[in-house]
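[1] Model the following, please.
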Amino acid sequence: MKYPFISIEPKWQKYWEDHKTFRVSEDESFPKDKRRYVLDMFPYPSAEGLHVGHPEGYTATDIYCRYLRMKGYNVLHPMGFDSFGLPAENYAIQMGVHPAAITARNIENFRKQIKALGFSYDWDREVNTCEADYYKWTQWIFLKLFEKGLAYEAESPINWCPSCKTGLANEEVVEGLCERCKTRVERKRIRQWILKITAYAQRLLEDLEGLDWPEPVKQMQIHWIGRSEGANVLFKLDESNLNSLAVSPEAKLQAPHIEVYTTRPDTLFGATYMVLSPEHPLVEHITQKEQRAQVLAYIDEASKKSDLERTDLAKTKTGVFTGAYAINPVNEEKIPIWIADYVLVSYGTGAIMAVPAHDERDWEFAQAYGLPISWVVSREPKQDSGEDPDAAFTGDGWSINSGLITGLPTPEAKEKICQWLEEKGLGKKTVNYKLRDWIFSRQRYWGEPIPIVHCETCGIVPLKEEDLPLRLPEVETYAPTGTGESPLAAISEWVNTSCPRCGGPGRRETNTMPQWAGSCWYYLRYLDPTNGQVFARREAIDYWAPVDLYVGGVEHAVLHLLYSRFWHKVLYDIGLVNTKEPFIRLINQGLITSFAYQRQDKTLVPTDQVEKRHDGTFIEKANGQALTEVIAKMSKSLKNVINPDEIVREYGADSLRLYEMFMGPLEMSKPWTTAGLIGVSRFLERIWAIGEKCDQSATLEEGQEKELSKLLHKTIKKVSSDTDSLNFNTALSQMMIYSNELIKLDQVPLSLWEPLVVMLSAYAPHLGEELWEKLGHRESVSRAPWPSYDEALTLDDEHTIVVQVNGKIRDKFSAPSGTPKEELEKTALALPGTLKWIEGKSIVKIVAVPDKLVSIVIRP
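    As a prediction, the model looks like this:
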């Protein structure tokens, strides 16, 4: 009889839902070391639904959770939806439907798809970030940030997406394009709410040390935070510049110096010009009349570029001379002040001292504009000149032509010049970070309202906690204005309110929070999802937190993970959570890729425009040009997305689950092939057939039962170890090996069958439950204890012993387990393959490793 997954899978999904099989509570009978919080990064419920990449991580955590429960752990494994954000709003505008309706429909579809795959989530803990009882607490946390001075309003230059018509954080700009819609990003100054994540930069860096995270993810965060040590240095402006300007005396007093940050203060004597960011506030004060038109034109051009475009090392350096000069503090030399877009106002002080001899960007700029180059670091000690006509020398060396630090190696020179600057009041040692404060507001409708009122009398006033949640108003139009104001600004009855402090007239904040807000803390809401009094009871936090295992895509390495860590640290500082970090262990599942077809120019062709020829080659239907089959990311535009619903209908959910685990190691990217799926499906058919042969009264010959018993215990040991370490593909391989032996039997004894059913149930839960029930059990197999093994039965009676001569294998033989070294050596020396290579040679030494090898070293 064929495995009837079509009837079995819905049956057990209904059973789990009706019996709330995976509902969990803070059961104090479980000691602390027997509690686990295992979390998937929750999905954004897009209109397209799940693709086969989603279940990969979900299946991995589900197997692990089922294994842990059967090992005696109390396991929290929840699921929810990250449901605010631009995609739903843009789609709603396109379709003429309210984003709330679109989102609800998408969530219903996602939930149905996820449940169809048999994941053991506690659905009573589901959260949805766009529901008011959830975002009430997102708003509450924002107020805590505001109280601590970590949320502030400012007019600032931001990345602006002209398509989405909203501001973007630096992290949301990829290669100069909007991460979501791929439109070229511009620069724009508008009123924004900003979170002071920079106040936590050092802690975000230091606390990575204790986390069990992939090293590449740690390095991405370290790079993004970008800690550097250097000095802030004051360059006095040439007074003739200020005197020639039509500015007030106050302006002159406010801007007598330009402050720069440098990681190489030892190269100060080589500074031959200065560069300001086009947005630097001093530019308008120091630009000379004859340069003003050029400077203004350049500023306008720079405003259209993203930070990434401006700092691209490969781009040609451009700039404009302001006509003004500054005085180098170490040698009193007058140096010209330029503006250039490769200097960002958001990094350091927005101004640099340019040392072209020892900085590649400064070198390129100086070469382009004929600016002087002065060599002040040599590669070797006591070298008179470090001059190189072809390139800058950017490494450490020895100071030359540098006054009081001449002759010193770079580390000593840095220390001494910083000391001199501090003594003279011209600078000081400084630590700087590339990390910028987080642009937090969005000029859109579909996001959490910011709980702030603007009062002419009181200024910026937070809402009172009892007035939360501040709900989104029902609106007919929610299209973005493109003016820098959100659609909420047009709803006068919602915007106009009274000040929470003085009762006078006020206006609500009309910007909304970004999509990242709700995902910053959702792992905490799962602990107490229906509590209306606090975001989570402290008892629940202390019972479950922190997250023991967090699984999701590497694309969240900077954005979500960095933001969540920041919010968590703030909550820790005000005593609301019990740990400094939210996620102890992180695993990034690899991409499941598909096939695509590539033209000679490397562009890709959608699969429906490709024809496969009789000889196995591929051509483009439109023009007959030859195409190359390549591995690529699944994409709607390439028509190569695999829908899991179709796989479940044809092969069953358990087949999909097992195939995604069998494809290869969890962290590696793997191409999808239907042939592999068919192979896994046949394995489940074989398991079903073995179940039909199970007979509780069956007996085997003594030798046969002994061998199969040994294989069973080896299988239990390997599957246990591999499941515990998330090596699911090799665990499945071992179960397949074992099942290949069981299928050969006419009757299968219960003692050899039942342990396999339990282990397999973690991987293929629908089939596992059905087979468990057929064995006469009334309770879910998920309640069964994980099988144990006898270590003695996992050992082989005999081992193959490899014989090496000077490191090369020359022969091999079999020996009983535990054979003494002396006997191994004696046998190895008598083998024909060994004698051929040692005859007439002098043996230097023999090393015997019991049960493995004998290594013989001879003189050449």
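
[2] OK, contacts around the nearest residue to A698 once chain neighbours are set aside?
    Closest residue to A698 apart from its sequence neighbours, by C-beta to C-beta, 6 or more residues apart in numbering: Q747 at 3.7 Å. Where you see a C-beta, it was placed from the backbone N, CA and C, and this is true even at glycine. By C-beta atoms under 8 Å, 6 or more residues apart in numbering, the contact list for Q747 reads K693, C694, D695, A698.

[3] taking these one by one, which sit in helices?
    With helices taken from DSSP state H, the overlap with those comprises K693.

[4] By neighbours, which of the contacts of Q747 wins?
    Neighbour count (other C-beta atoms under 10 Å) singles out C694 as the most crowded of these, with 20 neighbours.

[5] in the sheet, who's paired with that residue?
    V748 (DSSP bridges).

[6] Use 37 as the first number for this chain going forward.
    Will do, 37 is the new start, and the previous item becomes C730.

[7] surely C454 meets K464?
    Yes. Look at C454 against K464 with C-beta atoms under 8 Å: they come within range, at 7.3 Å.

[8] Neighbour count for these two, which is higher?
    Neighbour totals were compared for C454 and K464, and C454 leads with 21 against 13 (other C-beta under 10 Å).

[9] neighbouring contacts of the host helix or strand of that one?
    For C454, the host element (DSSP states H and E) is helix 446-460. Under the criterion C-beta under 8 Å, 6+ apart, residues 267, 269, 300-302, 304, 365-366, 413, 432-435, 438, 440-441, 444, 463-465 lie in contact with helix 446-460.

[10] Surely V794 forms part of a helix?
    Yes. Membership of V794 in a helix is supported by DSSP: H, G, I helix; E, B strand; the rest coil.

[11] how about the helices of the stretch 787-896 of the chain, start to end?
    For the stretch 787-896 of the chain, the helices defined by DSSP state H, counting those that start in this stretch occupy 801-810, 857-865, 868-874.

[12] The stretch 187-336 of the chain too?
    Using DSSP H, counting those that start in this stretch, helices in the stretch 187-336 of the chain cover 237-242, 251-261, 275-279, 285-290, 319-322, 328-338.

[13] quick one: contacts for the spatially closest residue to Y361 that is not a sequence neighbour?
    Nearest non-adjacent residue to Y361, counting by C-beta to C-beta, 6+ apart: D274, 4.1 Å away. With contact set as C-beta under 8 Å, 6+ apart, D274 has these partners: A360, Y361, A362, I363, K370.

[14] now A128
    Applying C-beta under 8 Å, 6+ apart, we find A128 in contact with H134, P135, A137, I138, W482, Y514.

[15] Of those residues, grab the buried ones for PyMOL.
    The PyMOL selection below is limited to those of those classed as buried (16 or more other C-beta atoms under 10 Å):
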select buried, resi 134+135+138+482+514
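
[16] and the contacts of A128 as TSV, adding distance to E575 and secondary structure?
    Converted to TSV, these look like this (distance: C-beta to C-beta, whole Å; DSSP: H, G, I helix; E, B strand; the rest coil):
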residue	distance to E575	secondary structure
H134	39	coil
P135	36	helix
A137	37	helix
I138	37	helix
W482	34	coil
Y514	40	coil
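
[17] And the contacts of A128, which is closest to M549?
    M549 has its nearest neighbour among the contacts of A128 in W482, at 10.5 Å by C-beta to C-beta.

[18] what about the strands in the stretch 587-736 of the chain?
    Assigned by DSSP state E, counting those that start in this stretch, the strands in the stretch 587-736 of the chain fall at 622-624, 628-634, 640-641, 646-648, 654-656, 662-669, 706-707, 730-731.

[19] State the paired neighbours of the second one in the sheet, together with their directions.
    As defined by DSSP bridges, the strand partners of strand 628-634 come to strand 640-641 (antiparallel), strand 662-669 (antiparallel), strand 706-707 (parallel).

[20] pLDDT on the helix holding C454, on average?
    Mean pLDDT, helix 446-460: 96.

[21] How far off centre is the next helix or strand after that helix?
    Using DSSP H and E, the helix or strand that follows helix 446-460 in sequence is strand 463-469. Its chain's C-alpha centre and that of strand 463-469 lie 30 Å apart, by C-alpha atoms, centre = their mean, to the nearest Å.

[22] and strand 463-469, which strands flank it?
    By DSSP bridges, strand 463-469 pairs with strand 263-273 (antiparallel).

[23] how deep is V391 tucked in, by neighbour count?
    When neighbours are defined as other C-beta under 10 Å, V391 has 27 of them.

[24] got the contact list for it?
    R300, T303, L304, G306, A307, T308, D398, S410, V412.

[25] wait, which of those is closest to E423?
    Nearest to E423, judged by C-beta to C-beta, of the contacts of V391 is S410 at 9.6 Å.

[26] in terms of contact, does the closest one touch F305 like I think?
    Yes. S410 lies in contact with F305 (C-beta under 8 Å); the separation is 7.2 Å.

[27] now I845: how far from L865?
    Separation of I845 from L865 (C-beta to C-beta, to the nearest Å) stands at 16 Å.

[28] Pick out whichever of these two has more residues nearby.
    Counted by other C-beta under 10 Å, I845 and L865 do not tie: L865 has more neighbours, with 15 against 11.

[29] What ranges in this structure fall below the confidence cut-off?
    Across the chain, the ranges flagged by pLDDT under 70 are 37, 205-207, 277-291, 342, 344, 349-350, 420-422.

[30] P536: how many residues sit nearby?
    Residues lying near P536 (other C-beta under 10 Å) number 17.

[31] May I have the residues that are in contact with it?
    V489, V497, P498, L499, K500, D503, G542.

[32] can you tell me the helix or strand for it?
    Of the helices and strands defined by DSSP H and E, none includes P536.

[33] what about it, distance to T493?
    As judged by C-beta to C-beta, P536 and T493 stand 12 Å apart.

[34] Good, wrapping up.
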